[in-house]
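Student: Predicted model and sequence below, questions to follow.
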Amino acid sequence: MTNETFKIPAKAKTVSMVLMAIGILSLIGGLAAFAFGDSLHQATFWASILHNSVFFLLICVASIFLMAATSLAQAGWIVAFRRIPEAIGSIVWVLGGIVLVVLIILVGFNHTEIYPWLEHGHIPDNGLNGLKLFFLSKPFFLIWTALTVGLWGYFGRLISKISLDMGTDKEGSVKLFWKNYNTSAAFLFVFALTLASTIPWLWIMSIDAHWFSTMFSWYTFASSFVSGMSLIMLWMLYTKRHGNLELVSQEHVHDVGKFMFAFTIFWTYLWFSQFMLIWYANIPEETVYFKIRMHGPYAFFFWLNLVMNFVAPLLILMSAPAKRNYFIVSTVAVIIILGHWIDFYQMIMPGTVGENWSMGLLYDIGLMCGFVGLLIFLVSNKLSKSPQIVSNHPYLKETIIHIS
Amino acid sequence: MAVKKFATATYSDEAVLFPAVKKTRGAGYKVHDVYTPFAVHGLDEALGYKVSGLHVAGFIYGLTGTSTALGFMGWIFTTDWPQNFGGKPHFPLPAFIPITFELTVLFSAVGMVLTFCYLCQLMPGVKKHIFNPRQTDDKMVMAIEVTDENAAEVETFLKGTGAEATDIQIAEEGWWYGRYDKEEEYQLKTQEA
């Protein structure tokens, strides 16, 4: 069994360059059209950047989470294609850097059209809001964001590095296995305090600063994880199609497909739990969040979100043969990623640009193309430098004989 | 339900059982069933069993549960006894979702258990012919349907597959309702045949 580096076709590079060019042109167009206008134009400009940069960062962080969780569970099946989440995880620092720059500008320059709490007195200082005033304050926001992005980037690279070291160090592979185990535990601790709790509150929920939901972070996490699994699926099938990853069989594809199916239902469960409690209690300050989404200008996205992220994957992926069919799973993976992109869209846009979403839609799609191109460029670049098989991994045999 | 003649072969090792099953099927005999005291992995493939339609049945039971829940609650709260609960509409779909989900799971779970029992011919209070009492202890028993003409030939063939013991039995092939302490009827039936 040869252990070559990935062979990524030259076409991937061309496509990524074209997509990135579209993204940069959209950015320039957006800069000219929106960036120096009134508050609504500025909101259009920044909300789209925030939407795309945060979405693509979070779906890449999902790869680190998957590796950490499977390492702690001592799962063998993932080893066959572990290079894919490693490559996606090790570029988190780039996307994290972009998000950090965007948030420093937004918060540092008082962009109240995105984050209304930046305005002094927006959250009344009536003695009841002490902790909330601290939570939604410039210093805490910036320090916590910088710390989070830094740690995610660090762990993404570290986990990938340990695995690459394993390939060259046969004697030390068991030691590196346990180092990876401990690193994963540390990452999950960081993950629980950031993506699974505070970060979606800070970055996304604080757009509607008076509205709050404790489910929100879990809902965002489920959204990012299911689209992160779809991203891994797409990369896995793409590289396999071009003659890589000979260890990956239908069994591994079936398992990733199961994750996509299961977390689709998990996402719906969280989405519905958040929705139903608010619908049932019917308290005006809570229902205002759903009024604009369900009965206002975002009604189309609201229902499209449910169809693309729940109904379609549920019905298409339900049977076992469907999860083993490469065409079906890759199609559903694209539906899921686009669906959750729309999910993030309807999280961010109503509170920023309100009913004027159509003005910046093309610009938003252009930016999405740019980020997709950036992702293809960085991941294929990273993949083409690493050997396909995690040699000397203690679970290598287990992953070869794995049956889902 | 029919009383038939079977040739049985007893094995105590699955390493012998697998080639024996393969050889028997290869020779063109129809294996009635193989009884083992524990789950022998791969035996279903060796016997040529296809994936059952159990999961399709489960999906249909689930849909039945969904429509039962929505239909019943919808009928109650819109037609039979409409009431105003906190200003909610008479068909408050979000409030019905948890119950609909529960009934979907309940119907598909109970339905699948019962279907599974039917497919395996297992049910409280029903009986099946036991070819060898030790098939639930430490022996594996293969049963092959035979006719009066080829019974002796099959038994000789089974001896050649490495069986520890073989015999010819007349037995009811299906399942029936009955008690183990009231066996006279069954004994008579098999003796006649």
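Tutor: Yes, it's here.
Student: buried set for whichever strand or helix holds A:I365?
Tutor: Per DSSP states H and E, A:I365 falls inside helix A:361-383. Under the neighbour-count criterion of 16 or more other C-beta atoms under 10 Å in any protein chain shown, helix A:361-383 has A:363-364, A:366-380, A:382-383 buried. Yep, even glycine has a C-beta here, placed from its N, CA and C like the rest.
Student: Name the residues of the helix or strand following it that come out as buried.
Tutor: Next along the chain after helix A:361-383, taking DSSP H and E as the criterion, comes helix A:396-400. Buried residues in helix A:396-400, counted by 16+ other C-beta under 10 Å: A:396, A:399.
Student: so how far is helix A:396-400 from its chain's centroid?
Tutor: 29 Å (C-alpha atoms, centre = their mean, to the nearest Å).
Student: what distance separates stretch A:378-393 from the centre of its chain?
Tutor: Using C-alpha atoms, centre = their mean, the offset of stretch A:378-393 from its chain centre is 21 Å.
Student: In chain A, which residue is most central in space?
Tutor: By C-alpha atoms, centre = their mean, chain A has its centre lying nearest to A:I59, at 1.8 Å.
Student: distance of that one from A:V102?
Tutor: A:I59 sits 17 Å away from A:V102, going by C-beta to C-beta, to the nearest Å.
Student: Next: A:F272.
Tutor: 31 Å.
Student: Could you point out which residue ranges in chain B have low pLDDT?
Tutor: B:1, B:179-193 (pLDDT under 70).
Student: Quick check: the residue of it nearest chain A.
Tutor: B:P94 (4.8 Å; C-beta to the nearest C-beta).
Student: Regarding that residue, which helix or strand does it belong to?
Tutor: Going by DSSP H and E, B:P94 is in helix B:93-120.
Student: can you check B:H32 too?
Tutor: Per DSSP H and E: B:H32 is located in strand B:31-35.
Student: List the buried residues in that strand.
Tutor: B:31-32, B:34-35.
Student: want to try CSV for the residues you listed, with distance to B:K22 as columns?
Tutor: Supplementary listing: the buried residues of strand B:31-35 in CSV, determined by distance: C-beta to C-beta, whole Å:
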residue, distance to B:K22
B:V31, 10
B:H32, 16
B:V34, 12
B:Y35, 18
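Student: Put together JSON lines for those residues, with distance to chain A on each row.
Tutor: Output for the buried residues of strand B:31-35, formatted as JSON lines (distance: C-beta to the nearest C-beta, whole Å):
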{"residue": "B:V31", "distance to chain A": "25"}
{"residue": "B:H32", "distance to chain A": "29"}
{"residue": "B:V34", "distance to chain A": "22"}
{"residue": "B:Y35", "distance to chain A": "25"}
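Student: Can you tell me which of those residues is nearest A:W357?
Tutor: B:V34 (64.5 Å; C-beta to C-beta).
Student: List the contacts of stretch A:72-86.
Tutor: If you take C-beta atoms under 8 Å, 6 or more residues apart in numbering or on different chains as the criterion, stretch A:72-86 is touched by A:6, A:63-64, A:66-67, A:70, A:159-160, A:163-164, A:181, A:184-185, A:188, A:232, A:235-236, A:239, A:245, A:247-249, A:251-252, A:255, A:383, A:386-388, A:390, A:393, A:395-396, A:398-400, A:402, A:404.
Student: ok, how many other residues are close to the closest residue to A:D364 other than its chain neighbours?
Tutor: With C-beta to C-beta, 6 or more residues apart in numbering or on different chains as the criterion, A:D364 has its nearest non-adjacent residue at 4.1 Å, and that residue is A:S48. Using other C-beta atoms under 10 Å in any protein chain shown, A:S48 is surrounded by 28 other residues.
Student: what angle do whichever strand or helix holds A:S48 and helix A:361-383 make?
Tutor: Secondary structure assignment for A:S48, by DSSP H and E: helix A:39-72. Relative orientation of helix A:39-72 versus helix A:361-383 (axes from the mean of the first three to the mean of the last three C-alpha atoms, to 10 degrees): 30 degrees.
Student: Helix A:39-72: how far from the chain's middle?
Tutor: 5 Å.
Student: residues of it that come out buried?
Tutor: So helix A:39-72, judged by 16+ other C-beta under 10 Å, has buried residues A:40-71.
Student: next one: stretch A:216-225
Tutor: Result for stretch A:216-225 [16+ other C-beta under 10 Å]: buried residues A:216-225.
Student: And for stretch B:136-148?
Tutor: B:139-144, B:146.
Student: With respect to A:L19, which of the residues you listed is nearest?
Tutor: Among these, and counting by C-beta to C-beta, the member closest to A:L19 is B:M140, at 60.8 Å.
Student: Now whichever strand or helix holds B:I170 - C-alpha only, PDB.
Tutor: Remark: B:I170 resides in strand B:165-172, with elements defined by DSSP H and E. Coordinates of each C-alpha in strand B:165-172 appear next as PDB, following Å, rounded to 0.1, in the frame of the first residue of the first chain:
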ATOM      1  CA  ALA B 165     -25.500 -36.800  14.500                       C
ATOM      2  CA  THR B 166     -28.400 -37.000  11.900                       C
ATOM      3  CA  ASP B 167     -31.900 -38.100  12.000                       C
ATOM      4  CA  ILE B 168     -35.300 -38.000  10.200                       C
ATOM      5  CA  GLN B 169     -38.200 -36.200  12.000                       C
ATOM      6  CA  ILE B 170     -41.800 -35.600  11.100                       C
ATOM      7  CA  ALA B 171     -42.700 -32.200  12.300                       C
ATOM      8  CA  GLU B 172     -45.000 -29.200  11.900                       C
END
